[in-house]
Every structure is written in structure tokens, then in C-alpha cells.
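Participant: Need a 3D model of the sequence below.
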Amino acid sequence: MPNRLAEATSPYLLQHAGNPVDWYPWGEEAFAEARRRQVPILLSVGYSACHWCHVMAHESFEDPTTAQMMNAGFVNIKVDREERPDVDAVHMEATQAMTGQGGWPMTVFLTPDGAPFYCGTYFPREHFQRLLLGVQRAWSDEHEGVVEQGRRVVDALSGPRSVGRGNAPGPEVLDEAVERLSRDYDDANGGFGGAPKFPPSMVLSFLLAQYARTGAERSRAMAEHTAEAMARGGMYDQLGGGFSRYSVDARWVVPHFEKMLYDNALLLRAYTRLWRTTGDPLARRVALETADWMVADLRTGEGGFASALDADTEGEEGRYYVWTPAELRNALGEEDAFWAAELFGVTEEGTFEHGYSVLQLREDPEDSARYERVRAALLQARAKRVRPERDDKIVAAWNGLAVAGLAEAGALFERPDLVERAREAADLIARVHVS
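Facilitator: Sure, this is the predicted structure:
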């Protein structure tokens, strides 16, 4: 039987409408029920394209035993973080404060009055079941202590905040920011820090602006090296364009495969600005391919842009994007398959899971005509696979980023069609989202 989420409009909530968990959407009805039963609330926050959200759903929320434990001891609330960024932001702050990290799925236990007292992210089923039992025991045996813990968290998060005011940062502050970035820079692989690595789109734009202001070669070099490393690795879709959400390794080889509108809109601007600064042909190609992918795969019938493409197809992460040497042979024939495997780094051992490889393009091919022919053939073969699901929510802020990126790229690359797509999206947002 479908649960209360069957009437939701969010694709993510609808994914959970058939769970045996007695889910509530976020709202007063759920909190009233928790107060009536005097049980804690279990809040689960995620989004439709999130791989580990799917894993926890399959392991725990679709499991009758786990669902029975959840229903017996808790009032369970499911939230789409893209639909309710306000709810997500508050509880992510609590999660990060308690654990030092955050992410999705986010798992938060609340008092019936909404005070968070235990937070985490993904839990494997056996761990999650032990956690459910432990929280129930604590709620029963150490009730006052649990409630007091929730009060302390609320007090800490409700305290006065230091908000930066005054003038824009001066040259000394900007130079210090570059120096700190430089200390954290990965000179071997590009990017900042170790694995996992997220695309530092805003940092790239800052470094390019800093180079334009000062002529400092270090700023330009960090931006250019990082942009090339990301574009040549597996995080960039070498066939269809567009970037995955992040790389699980330090070398940008294996991505977390969901493709988000906001990432690609910001990266579109960063690569466009890199081309404007350096004239780099790789930056131009990646910017235009990313723009064309956004229009082809994320643009909705109303003229706006959807939120994301899922990481999983057929129950496997990345299945739509990865290849084996045998699959290359089936699509290309023996000779071209050998050439493509060398070019894209496809091996018998694989660079991902189960012998699959993520396509990389570490160097531009000398035979550009052959490259275009092979790429077209692989795209045609990939089009026969099950496509990732698309979350059609039109988020106003993310569409704003897309409008800016497409308009800027369209103007600089003399692509009036991209400017027109930006105008259409802006008109939609102004008409529907602005009152």
C-alpha cells in the first residue's frame, strides 16, 4: 500500500511512496503525531539523484523488518532537500556541528518539539537497526538527558552569528586568500586537498579574477591546471558533456555519477572565463559541450532547467556511463575499439567496479576525424542503454545560475541560441517564481 508520500509532487518523495515505512512529509501533522505518541522523530533528508540515498532506501527503507522498527518507535519524516532547502540547511548545520561532516542521505533524530539530539548520514542496514534500538532505549531510559541534549543543540544553533559587514575585501585579504589556497593545492593532480574532490567552480572564477587584477602566474596556473585535470578525467562526461557531482579519488578518475544543474551552471561560467582569459581551446570545447548538454538533457518543456540526472540506472551506479573493452568492440569493431580503449583508458581490469572503466581523455587525439567518428558511434550505442532518471523540479536559484552561464557563454562564443535559452528560462522564473 502506498504511504502518505503518494500525494507528493517531489520525484524524490514519490520514490519512497511504496516503502513499508509510514512516512510523513514535513509538516505539523507529523510533529503532532510524535507529541501524541510521545516518541522521537526520525528525519531522513535526501534527493532523487543521490546514489547513497538509493542505497539506504534499498537496504533499510524497503526492508520490512527495518520499516517495522521505524514505525514502532518513531514518527518518520522524509524530506527532499531540493524542495525544502530551509529544512535541509538547519539540520545539516546540526549534523555538521555534531559529527564534523555532512552529506546525504542525512539522518537526524528529533524530539517531538523538533530539537535534534542525534545526527548522521548513511548507515548500513545492520548499523541502522542497532542505532534505532539504541535511540529507543535512550529515549526510554535516559529521557531527560536526551531532551536536554536537544535543547543544547538548539541553543547553540540559535546563538548570535557573526556576519561580515563593511567594505569589500582589499588587495591584502585577496592575496592572503590566494596564499592559503596555494598551501592546500594539489600540484600533482589539480584541485585542493585530497579525496573526495569537489569541482571548485567559485574558486576557479576567483583565481582568474585575481590573475586579471594582479597578473600573478600562480593564480592562473592553479585555475588552468585544475580545469584541465577535471575536464580530462572521468568526472567529465567525455561523450555527452557535463560534469558529475564530484570525484571519489584525488585524480578525478572515478566520479559520483549524478549530474547536477548547479554544478554545471557554475562550471560553464568558470570554463567560459578561462577561455576569455587564456584562449585555451580545451576550455572553449568544454564550456560549449557543457552548455549544449544542459540544453539537451536538462531543459524542460516549459523552458526551464531540471535539477539533476540520477547517478544510478538498472540498480547500478554509473551503469549508463561506463564501458568494458568488450562493449567497445561491440560498438566499434576490433580496430577502432583497440584505439578507443587506448585513448579513453578502458582496461580489462577496469578503473571503476566490476571490470568497468570510466572514460577519460588524458590527451587530445592526433586523428581528430577518427575521434569524432568513434565518439559519435559510442554515443549512439550509449543511447540504447537505460537513461538516468531526471528530477524535473525547477529550482529558481539554480536556474538563475544557468541563465547567467548560458547568457555569458552565448555572448562570448557568439552562440545566440544559448542566449535565447537563457532568456526563455529567465522569463519562466520571473513569471512563475516571482510574485
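Participant: Could you use CA atoms for every contact and neighbour count after this?
Facilitator: Will do.
Participant: residue closest to the middle of the chain?
Facilitator: By C-alpha atoms, centre = their mean, the chain has its centre lying nearest to residue 245, at 4.2 Å.
Participant: Please pick out the residue of this protein most distant from its centre.
Facilitator: Ranking residues of the chain by C-alpha distance from their mean position (C-alpha atoms, centre = their mean) puts residue 141 at the top, at 39.4 Å.
Participant: pLDDT score for that one?
Facilitator: pLDDT, residue 141: 92.
Participant: do the same with residue 165
Facilitator: 66.
Participant: now do residue 102
Facilitator: In this model, residue 102 carries a pLDDT of 89.
Participant: mind listing what it touches?
Facilitator: The neighbours of residue 102, taking C-alpha atoms under 8 Å, 6 or more residues apart in numbering as the test, are 92, 95, 96, 120, 121.
Participant: Out of those residues, which end up buried?
Facilitator: Among those, those classed as buried by neighbour count (16 or more other C-alpha atoms under 10 Å) are 92, 95, 120, 121.
Participant: Reformat those residues as CSV; add pLDDT, secondary structure and distance to residue 39.
Facilitator: CSV is the format used below for the buried ones among the contacts of residue 102 (pLDDT from 0 to 100; DSSP: H, G, I helix; E, B strand; the rest coil; distance: C-alpha to C-alpha, whole Å):
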residue, pLDDT, secondary structure, distance to residue 39
92, 95, helix, 22
95, 94, helix, 21
120, 95, strand, 19
121, 95, coil, 21
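Participant: now, which of those residues sits nearest residue 392?
Facilitator: Residue 392 has its nearest neighbour among the buried ones among the contacts of residue 102 in residue 92, at 23.8 Å by C-alpha to C-alpha.
Participant: Distance-wise, check the closest one relative to residue 148.
Facilitator: Per C-alpha to C-alpha, to the nearest Å, residue 92 is found 20 Å from residue 148.
Participant: Closest one of the contacts of residue 102 to residue 398?
Facilitator: Residue 398 lies nearest to residue 92 out of the contacts of residue 102, by C-alpha to C-alpha, at 19.4 Å.
Participant: I'd like to know how far the closest one sits from residue 85.
Facilitator: The spacing between residue 92 and residue 85, counted by C-alpha to C-alpha, is 10 Å.
Participant: Residue 313 now?
Facilitator: 26 Å.
Participant: who's more crowded, the two?
Facilitator: Using other C-alpha atoms under 10 Å, the more surrounded residue of residue 313 and residue 85 is residue 313, with 16 against 13.
Participant: Touching, residue 396 and residue 430? I think so.
Facilitator: No - if you go by C-alpha atoms under 8 Å, residue 396 and residue 430 don't touch, sitting 9.2 Å apart.
Participant: ok, the two, which is more surrounded?
Facilitator: Shown here are residue 396 and residue 430; by other C-alpha under 10 Å, residue 396 has more neighbours (20 against 12).
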